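Participant: Quick one, fold the following:
(chains A and B)
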2 protein chains.
Amino acid sequence: MQALLLCPFARAWIRLLRSAFAGLLAAVPLFCQIVTWERIRDSDKEPWNWLTYSGNLNGQRYSKLDQIHTGNAAQLRPAWVYQMNGAHRQTASPVVIDGILYLSESPAEVLAIDGRTGRSLWSFSRPVPNDLRLCCGMPNRGVAVLGDRVYWASIDAYLIALDAKTGRKIWEVQIADYRKGYSSTGAPLIVKDKVITGIAGGEYGIRGFLDAYDAQSGQRVWRFWTVPAAGEPGVETWGGESWKTGAASTWITGAYDVEQNLIIWGTGNPGPDWNGDQRPGDNLYSDCAIALDADTGKLKWYFQFTPHDVWDWDSVQVPILADTIFRGQPRKLLLWANRNGFYYVLDRTTGKFLHARPFVKQTWAQGIDDHGRPIVLPGTEPSETGTKVYPDLGGGANWWSSSYSPQTDLYYVAARERGGIYFKGDPTYREGAPFHGGGTRSIPRDESYGALRALKASTGELVWEQRFVRIPGSGVLSTAGGLVFFGSPEGDFLALNARNGEILYRFRTGAPVVANPVTYAIDGRQQVALVAGRALFVFELPPAASAVPAARSSAKAASKRR
Amino acid sequence: MQALLLCPFARAWIRLLRSAFAGLLAAVPLFCQIVTWERIRDSDKEPWNWLTYSGNLNGQRYSKLDQIHTGNAAQLRPAWVYQMNGAHRQTASPVVIDGILYLSESPAEVLAIDGRTGRSLWSFSRPVPNDLRLCCGMPNRGVAVLGDRVYWASIDAYLIALDAKTGRKIWEVQIADYRKGYSSTGAPLIVKDKVITGIAGGEYGIRGFLDAYDAQSGQRVWRFWTVPAAGEPGVETWGGESWKTGAASTWITGAYDVEQNLIIWGTGNPGPDWNGDQRPGDNLYSDCAIALDADTGKLKWYFQFTPHDVWDWDSVQVPILADTIFRGQPRKLLLWANRNGFYYVLDRTTGKFLHARPFVKQTWAQGIDDHGRPIVLPGTEPSETGTKVYPDLGGGANWWSSSYSPQTDLYYVAARERGGIYFKGDPTYREGAPFHGGGTRSIPRDESYGALRALKASTGELVWEQRFVRIPGSGVLSTAGGLVFFGSPEGDFLALNARNGEILYRFRTGAPVVANPVTYAIDGRQQVALVAGRALFVFELPPAASAVPAARSSAKAASKRR
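Facilitator: This is a model prediction of the structure:
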């Protein structure tokens, strides 16, 4: 680690060296961890790093690395394992910079791990209050890095900046008061000089928002309330004062459209979950994709997937920005397999609805109309005696990342095939208490299953699938090696042929996967990392099979860039 | 698993097939799990199984498998991982029968795992009382198998028989009352038709014993009290009524000498740990090797390593029975690297002391006299102001298994180089409460370290060592492939050249190892299994490197049998 001491000199040198040696940098000893905004923005120029939650700002979770490919994936093997502490299910995916993996560990720890050895370089841990208000355990999905700092949002709703070299805390700011039901579980997103962070608490009648903080000082630069207040446009979609407890959380990391300077982010269900009587109207901006000006936080457009949701279908998928052909024309698209069971194609410059198609069994809507509004079937609302609807509250997809591969023009999603019985109940709000307004139950003898599905990006048509007995919880990574990586609900790390779904490699990690895979290269060797159960597994090829240095491979990939 | 349905027919067939096809059985599909006593007794005839805690009854933890050898160990790789639940440190090693791994999981679970896939076949769990009396967490070191049953001793001191096919409980018997400070943490040992199980609780002033239960009915056949009662021989080594709280627990699995029908077992420290004033005398049979007639539980001989122990040096190492040359003559030896810092060679037919030599730094004894009695240095007893002594209470070695390789005639031990400051305190006994009579502290700036050491079996001379920064907690496995397997305190699974200690393979498991490695073969491929942290790791060669089927390799090894 003595190399890090050179950091003060390094920023200028990096620029020089980068221009001189291009992709070769990955093969020379690392000497600095300075992550400029330009590096994050142009992350496809250095695929040997994984600079941001989704690998790239467009949310594609696609890597140009191709050292591991369909021809050698069968030779993969674990390089090392890092076991986490505690009894918590782990859901983070690392950010990887110049050979060092940064990730969070539930309930409240941040780790820096040497990617060569799997050994911890430092860890930062934070006490966890014992009166948190949580719906669903203590997940934390990762960190963001900018400059020489690591940014992390804690379960008690603080945003914290750490020194990337030492793990020492630089500053912390309170995002919201956890006693009111707020919490933080998602990985922050760096946009320019700002740290963008959402908030969780949709089951506690919070009023949701998306925040931007100055990365240097920690000062809040803007806040976009996802539920308009009295007098603001959109509040008319909330009956009475229901906007005050309207939820619309923002608990999964969004994407950023560089050209438009737009932050695109998903919002959660309206509160209370399963009783909409007190909140007649569409309940904006719950269950939406929202597009905000990155500098001001002003709303540019929105698209609501499930108006007046009474099934708890948070639209918290990572937005995927893809430029591809739609009905014969190149278009700037937003692709979204939604928790409500439909796959959507939107125009991301305007938020205009273009196309939708179910990607799992759904029984609540006759279809989606020309404006993108679901035609809700009568009798599908939760009731006092229980209403059977597909999908269940977990949805057709959930928070784990989908992936889009420009190489195959396919959208890869972990699909959940399961229905639920929805009950309507008491919608009384009490600050800091669960605000469900009902409940759900599973369907007896429901033939539920999971599947990794590859959909045609522009239409959502199924191209291939791999089915699993259990319901999956893994994100998908696609690569220029013609591969997708995935963790099965049975705990298998899988490498599949991206074109046809053939399983090329399987390693049994011994615990279900509820996290996202990432890929990067160290010393010229591509690795794939995935948290499974309570351990981080890293895979690589044997030395002989890693003949093509990742640097060359990435340079090659870069030359093929669209 | 349909194969198991054939079990009722299989016992006779096994005998037939075994005689007809010898070592080839491992390569044909498994069809039964009937483990006869004869199979356990003759475990070296089927090295593709690991039939008892130490692999063999002589405690050597040595395997005749040689498919993985010094020439190909560098090609090892994880085959699968099984992650355990809960926050407990895991210390079990599996028993492996015809492709199925049986092991325990702390705090109170028994698992059957398919060795081909790492998937759980069944698990049995037991509620844990919330008023246990424990010194040192909730370790459990494994199970025993006989017939079609799995035997396990639970933390609340019950012996439980499970159906090996289903995990269903067949019977349970209370070994002792946990409210009085008893607990069970060791793996039982099968001897003929009996289940031998020790007891823990040495820090609670229990009166120790070793028990034999009828494997069929669960009825207790005999009990040997490790502390004699009033009127019994040996009670004169306890002042006053101190025998009543004399401890001398039996918490680690012993060995069995087939020829002599002798169970040889180690006993723990006398109570209270660090204040011997109330118990003047040698305190028999604490800190002993005891040899009992397996049918009656009658004492045949004993050897006491640390008379009147005031440092907490339980003699709970697994006894190693080895037939080798001692001072030019073939002898039936008992080899023992003791917690007190000395390596002992005894005659195991009589218990007679033959030789001792320190294997770590020790400062408490001038040496060991001709009768095997330590010549204790003055001023080394715990005191009110603290007495600095090497080794610390953890000892030069601890419970994790040493190994003896007949191939190298070396004894392999994880050595602890660390001193402690011992304090004498209040020796008042209260039932069910800790009964320490003092305490210990670590030495400031002590240059502690750990080492895997290879000692000449007959002399204890150091042949090679591998040092580690931290104190180790891993057992050692040696094999006919010229290898030793070990888990470093830093969490590395290691394969080393048994002759010179060269590290041939290293895999970082991401958590310290406090368990014993085992080896076996499935479908003709040798595997090595080791619990590290809270996960079971299984290693094997790539298919191409496994060219020699284990069946042939073991047949070859069998032909070389001494």
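Participant: Around chain B, pick out the residues from the stretch 1-150 of chain A.
Facilitator: A:77-78, A:80-83, A:85-87, A:117-119 (Cβ under 8 Å from any Cβ of the partner chain). C-beta here means a position set from N, CA and C on the backbone, and glycine is covered the same way.
Participant: Please read the previous query as pertaining to chain A.
Facilitator: Counting by Cβ under 8 Å from any Cβ, chain A sits next to chain B at A:77-78, A:80-83, A:85-87, A:117-119, A:490-491, A:507-511, A:532-537.
Participant: I'd like to know which of those are buried.
Facilitator: A:77-78, A:80-83, A:85, A:118, A:490-491, A:507-511, A:532-537 (16 or more other Cβ atoms under 10 Å in any protein chain shown).
Participant: tell me which residues of the helix or strand harbouring A:Ala112 are tucked away?
Facilitator: Using DSSP states H and E, A:Ala112 falls within strand A:109-114. In terms of neighbour count (16+ other Cβ under 10 Å), strand A:109-114 has its buried residues at A:109-114.
Participant: Just give the strands next to it in its sheet, each with its orientation.
Facilitator: strand A:100-105 (antiparallel), strand A:120-125 (antiparallel) (DSSP bridges).
Participant: So what's the gap between that strand and the chain middle?
Facilitator: 20 Å (Cα atoms, centre = their mean, to the nearest Å).
Participant: tell me the average confidence for it?
Facilitator: In this model, strand A:109-114 has an average pLDDT of 98.
Participant: Now tell me what touches it from outside.
Facilitator: A:82, A:85, A:94, A:99-105, A:119-126, A:143, A:150, A:152, A:160, A:162, A:164, A:167, A:536 (Cβ atoms under 8 Å, 6 or more residues apart in numbering or on different chains).
Participant: Which part of the stretch 251-400 of chain A gets nearest to chain B, residue-wise?
Facilitator: Using Cβ to the nearest Cβ, the single residue of the stretch 251-400 of chain A nearest to chain B is A:Trp400, 18.9 Å away.
Participant: how close does A:Ser43 get to A:Gly59?
Facilitator: Going from A:Ser43 to A:Gly59 by Cβ to Cβ, to the nearest Å gives 12 Å.
Participant: whoops, A:Val318 was the one
Facilitator: For A:Val318, the distance to A:Gly59 equals 5 Å [Cβ to Cβ].
Participant: Now the common contact residues for the two.
Facilitator: Joint contacts of A:Val318 and A:Gly59 (Cβ under 8 Å, 6+ apart) are A:254-255, A:401.
Participant: Report the contact partners of the residue in chain A sticking out farthest from the centre.
Facilitator: Centroid-distance maximum for chain A: A:Thr385 at 35.3 Å, with Cα atoms, centre = their mean. Neighbour list for A:Thr385: A:Phe423 [criterion: Cβ under 8 Å, 6+ apart].
Participant: Look at it and give its secondary structure.
Facilitator: Classification of A:Thr385 using DSSP: H, G, I helix; E, B strand; the rest coil returns coil.
Participant: Just the element for whatever residue of the stretch 301-450 of chain A ends up closest to chain B, please.
Facilitator: Nearest to chain B, among the residues of the stretch 301-450 of chain A, is A:Gly450, at 16.9 Å (Cβ to the nearest Cβ). According to DSSP H and E, A:Gly450 maps onto strand A:449-456.
Participant: mind listing what that strand pairs with, with the direction of each?
Facilitator: Counting by DSSP bridges, strand A:449-456 is paired with strand A:410-417 (antiparallel), strand A:462-468 (antiparallel).
Participant: quick one: the nearest residue to A:Ser401 once chain neighbours are set aside from B:Phe359, how far?
Facilitator: Nearest in space to A:Ser401, with sequence neighbours left out and distances taken as Cβ to Cβ, 6 or more residues apart in numbering or on different chains, is A:Gly475 at 3.7 Å. Distance of A:Gly475 to B:Phe359, given as Cβ to Cβ: 51 Å.
Participant: do A:Ala454 as well
Facilitator: With Cβ to Cβ as the criterion, A:Ala454 and B:Phe359 are 60 Å apart.
Participant: Between these two, point out the one with more neighbours.
Facilitator: The neighbour comparison of A:Ala454 against B:Phe359 (other Cβ atoms under 10 Å in any protein chain shown) goes to A:Ala454, with 28 against 24.
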